[in-house]
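> Sequence plus predicted model, see below.
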Amino acid sequence: MVIKDMKEHKYKYEWTLKDAVFTKDRGKVFSCFACGGGSTMGYKLSGFDVLGCNEIDPRMIEAYRANHKPKYSFLEPIQDFKSKKDLPKELFNLDILDGSPPCSSFSMAGLREKAWGKQKKFREGQALQILDTLFFDFIDLAERLQPKVVIGENVKGLLLGNAKEYVEKIYKAFDKAGFVCQHFLLKGSDMGVPQGRERVFFICLRKDLAKRFSKTNNLFEQKPYLNLDFNEKPILSKEVVTKGKPISNKTSYLESRYGDILFNPDKVFNTICTRNRYFYDLKHYVSDETYLRAGTYPMDYDFVKTQPLYLTGMSVPPVMTAQVVSRVYEQWLSKI
């Protein structure tokens, strides 16, 4: 049984595009590495006007266009997009430039150091790219467009081991591009997201705007103050998980297999990962609707040629983005 009493949370995890009211009165946003629009829906939920997106995957942008009807959508590598000569003038007057560069090179579920510096396709149908340099292409675009705020999202693994040197390079690149950067490690289950997803958000304010919000955060360093402490009540699996299709005779839950997850009603749902298999019991998978609720995707989302597990596993949960950008608006943008 799905429990729908969500009064303890700022945003609903179960919602529909049909019934949503998007005010579009808090500023203009453009999204890079947009996937199917997880972050875009978060911006819309919090009142922003998302002008469009840049995406390299034809299937992802097809889903994005079907659900969001963007004013602008660019199907091309960001390396080409950042140098495009005829970009719309609106993109040079953004409140927020958003981006979630592909993270498999740093994900704890990926190859990490073994994959750094190597060309690969993130999925079939895409061009070859060196994934761990895409963040810097994104920063190049930020330097050109000069939005008020830049928000870049990535995996927790970016803060671990040798990847920490990469974070230092990100800070230096944002500084050169004209932004004051800081990062926050956030947990979805503290923010009204019914899964244990942890993500790093790099939130950068343009230098000419940063001084008015500066606060000393240690003996020497000043940063624009931003409170991103969240402590909403965790939503347990029994509130969001429903029974799905039966497993085949050739499939079974293997406790020893990495990535086989058996539903536990009294815990928060595991982080949705595209490589995992999620079982309701020993005879059934969890339902596709489970991924929508746990991923805070709208229940009437048109997946076109993609699957709910894949897209929700690849996306920033809309509610997670909405929580972050609501704070950015309330504490920064509304005062500029």
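Yes, it's here.

> Count the neighbours of Lys176 for me.
10 (other Cβ atoms under 10 Å). C-beta coordinates here come from the backbone N, C-alpha and C atoms, glycine included.

> mind checking the SS state of it?
Assigned by DSSP: H, G, I helix; E, B strand; the rest coil, the conformation of Lys176 is helix.

> again, but for the one 10 residues further on
Using three-state DSSP, the secondary structure recorded for Leu186 is strand.

> What count of nearby residues applies to the residue nearest to Pro194 when sequence neighbours are not counted?
Distances taken as Cβ to Cβ, 6 or more residues apart in numbering place Ile235 nearest to Pro194, at 4.0 Å, with adjacent residues excluded. Using other Cβ under 10 Å, Ile235 is surrounded by 23 other residues.

> Next, find the distance separating Ile235 from Arg293.
9 Å (Cβ to Cβ, to the nearest Å).

> which residues do those two both contact?
Common neighbours of Ile235 and Arg293 are listed as 13, 194 (criterion: Cβ atoms under 8 Å, 6 or more residues apart in numbering).

> Mind checking the pLDDT average for stretch 310-323?
The predicted model assigns stretch 310-323 a mean pLDDT of 96.

> Sorry, wrong one. I was asking about stretch 295-302.
Stretch 295-302 comes out with an average pLDDT of 98.

> what does that stretch rub up against?
By Cβ under 8 Å, 6+ apart, stretch 295-302 touches 11, 13-18, 20, 36, 38, 41, 63, 66-67, 192-195, 272, 289, 291-293, 308, 311-313, 315, 317-320.

> sorry, back to before: I'd say the residue nearest to Pro194 and Met191 touch.
No: the pair Ile235 / Met191 is not scored as a contact, 10.2 Å apart, by Cβ atoms under 8 Å.

> The closest residue to Phe213 other than its chain neighbours: how many residues sit nearby?
Nearest residue to Phe213, sequence neighbours excluded (Cβ to Cβ, 6+ apart): Pro224, at 3.8 Å. Pro224: 23 surrounding residues under other Cβ under 10 Å.

> check contacts around Pro224.
Residues in contact with Pro224, defined by Cβ under 8 Å, 6+ apart, are 180, 182, 205, 210, 213-215, 332.

> Going through those residues, which ones are buried?
Of the members of those, the ones counted as buried by neighbours, 16 or more other Cβ atoms under 10 Å, are 180, 182, 205, 210, 213, 332.

> Just give the closest residue to the first one, not the sequence neighbours.
Spatial nearest neighbour of Val180, excluding adjacent residues (Cβ to Cβ, 6+ apart): Ala210 at 4.3 Å.

> got it, and the second one?
Across the structure, with Cβ to Cβ, 6+ apart as the measure, the residue nearest Gln182 apart from its sequence neighbours is Lys223 (5.2 Å).

> Can you tell me the element the one you found falls in?
For Lys223, the host element (DSSP states H and E) is strand 222-224.

> And the average pLDDT for that strand is what?
89.

> Report the strands that pair with it, each with its relative direction.
Looking at strand 222-224 with DSSP bridges, its partner strands are strand 214-216 (antiparallel).
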